[in-house]
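Chemist: next come a sequence and a model predicted from it.
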Amino acid sequence: MESKSLTKEQEQQLIEHYTTGMSYKRLGELFNIGSTTARLIVVKSGVKRREWYNSNTGCKPIDVDLVIKTYEETRSMEKTASILGLDYGLINRTLHKNNVQIDPVGGKRKLGDRLEARVCKLYRNGATMRELGHLYEVDDTTILGILRRNGEVTRPTKENQYHIIEDFFDDINTEEKAYFLGMLYADGNVARDQPTICLSLQEDDGYLVEQLNSFVSNDRPLYLKSDNDNESSRPQYNLVMYSQHMKDTLVSYGMVPAKSLILQFPQVITDAPEHIQRHCIRGWFDGDGHVSIYKRKDKRNENSPQNYKHNVSIVGTLDAMTGIRCIIEKYIPDISFHIYKKDKSNDKNTYILMVQGGFNAGKFLKWLYTDAKIYMNRKHFVAKQIIQKYT
């Protein structure tokens, strides 16, 4: 389905329909948007989300027995989700919570060595991953995994049917380009052997992933992923962008594969004007930063300012944190902060840039959010309180 933006009035209408019981799928059909986009609008609005409901099968809440029965018949979480009209991630979590034995390779059919060799041969002879998926009744990602596992070099993404603005990051001259470049430095990654750029954010911050998807005109839908081996982990929205040109551009800016311990502060931002630097650092902060207000105990005066401790921090390599520090010192010369090693017990190149104290935090955050139109709402909410109190 073609992606489009809704007006504020349409978003309000969507939320009203949701509160009356309409499903995300029906909302998407009604407003000509994807069901994921409808869900993000609901999450962003703050409306309390109800239990999942499927009008076709009458599952309210989830009919666990029906989910398990359908999965046992199909042996495919993807087909189960399609048949029941439910979210793939929901099927995944339901099966794991009820200790259902999941087939290997993430619940997808395993072909075996002989058929895997056949898949590789057909792919080398020109068959597409989608055609092979249909042939062997598995999805495209299973075919991709087979090809990678067997050392096959996959073809360029001309097979990919999703459109994207490949030169979006060629010239970092707007807030959205600078902000999302910073966020990609913090939370993004580029594949080593594929023309792929990924960004994942937790479910409640998914509206930012949706914004980037819209800015680059990416037709590829977002998907919600979860770590089933870690019950404490939160589901994340994952954006995948396929473009050799975009990958090459980002790599030239220093966003190399496996960058977390070797990333250097990008020269393209060092040479940029102040507003571009500020937007980039805010994206970096929203990805790998932290802002908090801790309440201390002070029996003498409950309302004493000393009762509160304010911290603002960003995590990254020493070179990256030093680059951010140089920019902050240039525009806020009287601010006090320091950089220290995150864990002195190992030799990992992970450091924390820390701004402590209400007045220091207030000055930094006021500068950081100047003229800001794109930001992470939950961090901005805390930042506003510090800015209003200390500036």
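Modeler: In hand now; what should we look at? Numbering: from 1, shown residues only.
Chemist: pop the domain breakdown of the protein in here.
Modeler: Domain ranges of the chain: 8-104, 107-155, 177-258, 274-390, per automatic domain parsing.
Chemist: give me whichever of the ones you listed is most buried.
Modeler: domain 177-258 (a mean of 18; mean count of other Cβ atoms under 10 Å). Every residue, glycine included, has its C-beta placed from N, CA and C.
Chemist: mind giving me CSV with the domains of the chain and columns for distance to Phe169?
Modeler: Output for the domains of the chain, formatted as CSV (distance: least, Cβ to Cβ, whole Å):
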stretch, distance to Phe169
domain 8-104, 23
domain 107-155, 23
domain 177-258, 5
domain 274-390, 11
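Chemist: centre-most residue in this protein?
Modeler: Ser200 (2.2 Å; Cα atoms, centre = their mean).
Chemist: is that one in a helix, a strand, or coil?
Modeler: strand (DSSP: H, G, I helix; E, B strand; the rest coil).
Chemist: list the contacts of the nearest residue to Asn311 once chain neighbours are set aside.
Modeler: Excluding its sequence neighbours, the residue lying closest to Asn311 (Cβ to Cβ, 6 or more residues apart in numbering) is Ser292, at 5.2 Å. Residues in contact with Ser292 (Cβ atoms under 8 Å, 6 or more residues apart in numbering) are His310, Asn311, Val382.
Chemist: helix or strand for the last one, which one?
Modeler: The secondary structure element spanning Val382 is helix 377-390 (assigned by DSSP states H and E).
Chemist: residues contacting that helix, please?
Modeler: Residues from elsewhere that reach helix 377-390 (Cβ under 8 Å, 6+ apart): 44, 204-205, 207, 285-286, 289, 291-293, 310, 312, 358-359, 361-363, 365-366, 368-369, 372.
Chemist: low pLDDT regions in the stretch 1-150 of the chain?
Modeler: Filtered on pLDDT under 70, the stretch 1-150 of the chain yields the residue ranges 1-4, 20-21, 48-62, 87-89, 102-111, 131, 134-135, 137.
Chemist: one more pass at 80, please.
Modeler: For the stretch 1-150 of the chain, applying pLDDT under 80 flags the ranges 1-5, 17-26, 28-29, 34-37, 39-40, 43-44, 46-65, 72-115, 125-141.
Chemist: make CSV from the contacts of Ser292 and add pLDDT and distance to Ser217 to it.
Modeler: CSV is the format used below for the contacts of Ser292 (pLDDT from 0 to 100; distance: Cβ to Cβ, whole Å):
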residue, pLDDT, distance to Ser217
His310, 82, 40
Asn311, 86, 38
Val382, 93, 32
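Chemist: what's the spacing between the residue lying closest to Tyr24 once chain neighbours are set aside and Asp167?
Modeler: In space, and not counting its chain neighbours, Tyr24 is closest to Ser35: 4.2 Å by Cβ to Cβ, 6+ apart. Relative to Asp167, Ser35 is positioned 30 Å away (Cβ to Cβ, to the nearest Å).
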